[in-house]
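Asker: predicted model and sequence follow; I will ask about them next.
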Amino acid sequence: MSVIASIDVVQRQGALKYYPYVLVIVDRPDNVEVVVDLINDLYSGSVSLFVIKDIVRQIMNAMESMTLIIGGVAAVTLVVAAVGLMNAMFTAVAERTRIIGVLRALGVKKRDVMFLFLIEALALTSIGLAIGLPLGLTIGALLVSYGGFSPGPTGRVMELPITIELSHLLLVILVPLLLSLIGALPPAYRASSLEPAQALRQE
């Protein structure tokens, strides 16, 4: 249990001969640096000062660094996912070569074949987003609610409101869709470039 009292009250009670720590509250935020310099001058550096503003700044710097790290991991993950999608689409083209040949022989244009594979890539990405977005939001809400990964009071480090900005949500949706299109372009172009006769002879 902690008791906060003024210096006068503590001195009258005679409870302490010294003060293990003192909480100093300034009248204005602008006076923080002045008070810090004054205390350092009075005690010649024999006391340790912890300024809330500095602690908050350190926390914010740590959060910014963590944001950059998470952003880097997310970027690498997106690139890997795009490459994986491209490989999957190349496999799909190889497995459907005869079907592509039949479609081309029936008069389906090259751009239509290419469009079919691009639509398939967008559909796969949309399914992933439909599963990943709610799952990510749920996990994020749980981590915020239980800061220490514990449901008990000791695990709840702090309560933070969850805010979702529309611009960030759109970015999370549009960037994977764009990367899926970029990754699907080479296999889609390859599929559209197959000649009907050559595709029909493919085993």
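Answerer: Here it is on my side, so go on.
Asker: which is the succeeding secondary structure element to the longest helix along the chain?
Answerer: What stands out as the longest helix in the chain, according to DSSP state H, is helix 52-95. Later in the chain than helix 52-95, the nearest helix or strand by DSSP states H and E is helix 97-105.
Asker: can you tell me the average pLDDT over that next one?
Answerer: In this model, helix 97-105 carries a mean pLDDT of 85.
Asker: what's it in contact with?
Answerer: Contact partners of helix 97-105, identified using Cβ atoms under 8 Å, 6 or more residues apart in numbering, comprise 93, 110, 112-113, 191, 194-202. C-beta coordinates here come from the backbone N, C-alpha and C atoms, glycine included.
Asker: CA atoms of stretch 132-145 as CSV?
Answerer: C-alpha atoms of stretch 132-145 as CSV (Å, rounded to 0.1, in the frame of the first residue of the first chain):
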residue,chain,number,x,y,z
GLY,A,132,-7.4,-13.2,-42.0
LEU,A,133,-8.9,-9.8,-41.2
PRO,A,134,-11.5,-11.0,-38.6
LEU,A,135,-8.9,-13.3,-37.2
GLY,A,136,-6.3,-10.6,-36.9
LEU,A,137,-8.7,-8.2,-35.3
THR,A,138,-9.8,-10.8,-32.8
ILE,A,139,-6.2,-11.6,-31.8
GLY,A,140,-5.4,-7.9,-31.6
ALA,A,141,-8.3,-7.3,-29.3
LEU,A,142,-7.3,-10.2,-27.1
LEU,A,143,-3.7,-9.0,-26.8
VAL,A,144,-4.9,-5.5,-25.9
SER,A,145,-7.3,-6.8,-23.3
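Asker: I'd like the average pLDDT over it.
Answerer: 81.
Asker: starting at the chain centroid, how far to it?
Answerer: Stretch 132-145 sits 11 Å away from the centroid of its parent chain (Cα atoms, centre = their mean, to the nearest Å).
Asker: could you chop this structure up by domain?
Answerer: Domain segmentation of the chain under automatic domain parsing yields 7-43, 63-201.
Asker: I'd like those laid out as CSV, including mean neighbour count and distance to residue 51.
Answerer: As requested, the domains of the chain are arranged in CSV below (neighbours: other Cβ atoms under 10 Å; distance: least, Cβ to Cβ, whole Å):
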stretch, mean neighbour count, distance to residue 51
domain 7-43, 10, 6
domain 63-201, 14, 18
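Asker: mean pLDDT for these: which is lowest?
Answerer: Among the domains of the chain, domain 7-43 scores lowest, at a mean of 73.
Asker: circling back to that earlier point, would you format the domains of the chain as CSV with distance to residue 50 included?
Answerer: Formatted as CSV, those follow (distance: least, Cβ to Cβ, whole Å):
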stretch, distance to residue 50
domain 7-43, 9
domain 63-201, 18
